[in-house]
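# I would like to see how this sequence folds:
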Amino acid sequence: MMLTGVHRCLVFLGVAGLLSLSAAPQPGSVQAKSAAQTASGLSAADQRFVKEAAEGGMAEVELGRLAELKGSSDDVRKFGQRMVEDHSKANDKLKELAAAKSITLPEQPNAQQEATKDRLMKLSGADFDKAYMRDMVQDHKKDVAAFRVESKSGRDPDVRNFATTTLPTLRDHMKNAESIEPKVLPGPRSSGTR
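Residues are numbered from 1 along each chain as shown. Sure thing, here's the model as predicted:
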């Protein structure tokens, strides 16, 4: 069978199309996984960690400022001040890292963190202290766990180093929050025996 010029062109385009389809990354393939990485070259897990660390850091600063203003306990106000100072420093380091890796960081905390802030803004006095410190204990437990995982299994050495160097401060925050929380909880402070 003799192919005309038009037929040859159609056959060529069909073969070229099939070849391009077979060259496309298949889900789960190495090519698809590398395509999931951004221009930053970070794995999806490292990207998620950086994004969540940025959101969490911003939330800690905002909530710390709130504690400085609304806390009725001197311990709570001092803890809030420490959150502002320490997390502002960590946020600055994370911004430098993000700039070096061409990562766009979120501009504000996530919706859940904003809801926590809104809830705390409605409280005052001992009610604020109690709720804020409870949130700080829970939040820092999650943070310590996330930073520990990233410090051990993060793929990018710079992101892993950020997690490793920030982790001791977060552990200290958690211990500090755990020591303040019982002081602001209502009820007798006995050893449990009566």
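# and M174, what is it in contact with?
V137, H140, K141, D143, V144 (Cβ atoms under 8 Å, 6 or more residues apart in numbering). In this view, the C-beta of every residue, glycine as well, is placed from N, C-alpha and C.
# Excluding sequence neighbours, find me the nearest residue to K51.
Distance criterion Cβ to Cβ, 6 or more residues apart in numbering; nearest residue to K51, sequence neighbours excluded, is P106 at 6.0 Å.
# thinking again about what came up before, and of the contacts of M174, the nearest to E181?
For the contacts of M174, the minimum distance to E181 (Cβ to Cβ) is 5.4 Å, reached by V137.
# gap between that closest one and M174?
Distance, V137 to M174, by Cβ to Cβ, to the nearest Å: 7 Å.
# next SSE after the helix or strand bottoming out on mean pLDDT in the chain?
Every helix and strand of the chain was ranked by mean pLDDT, DSSP states H and E. The lowest is helix 30-35, at a mean of 41. For helix 30-35, the succeeding helix or strand toward the C-terminus, using DSSP states H and E, is helix 44-70.
# which strands and helices sit next to that next one?
Applying 3 or more Cβ pairs under 8 Å, 6 or more residues apart in numbering; DSSP states H and E, one finds that helix 44-70 makes contact with helix 74-100, helix 111-121, helix 125-153, helix 157-184.
# so how far is stretch 124-137 from its chain's centroid?
22 Å (Cα atoms, centre = their mean, to the nearest Å).
# contacting residues around it?
With Cβ under 8 Å, 6+ apart as the criterion, stretch 124-137 contacts 63, 66-67, 70-73, 76, 79-80, 83, 116, 119-120, 123, 173-174, 177-178, 180-181, 184-186.
# swap the cut-off to 10 Å and go again
59-60, 63-64, 66-67, 69-73, 75-77, 79-80, 83, 113, 116-117, 119-123, 173-186 (Cβ atoms under 10 Å, 6 or more residues apart in numbering).
# want to throw the contacts of M174 into a markdown table with distance to D92?
Formatted as a markdown table, the contacts of M174 follow (distance: Cβ to Cβ, whole Å):
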| residue | distance to D92 |
| --- | --- |
| V137 | 25 |
| H140 | 20 |
| K141 | 24 |
| D143 | 17 |
| V144 | 21 |
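# and these as TSV, adding pLDDT?
Shown next, in TSV, are the contacts of M174 (pLDDT from 0 to 100):
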residue	pLDDT
V137	97
H140	97
K141	97
D143	97
V144	98
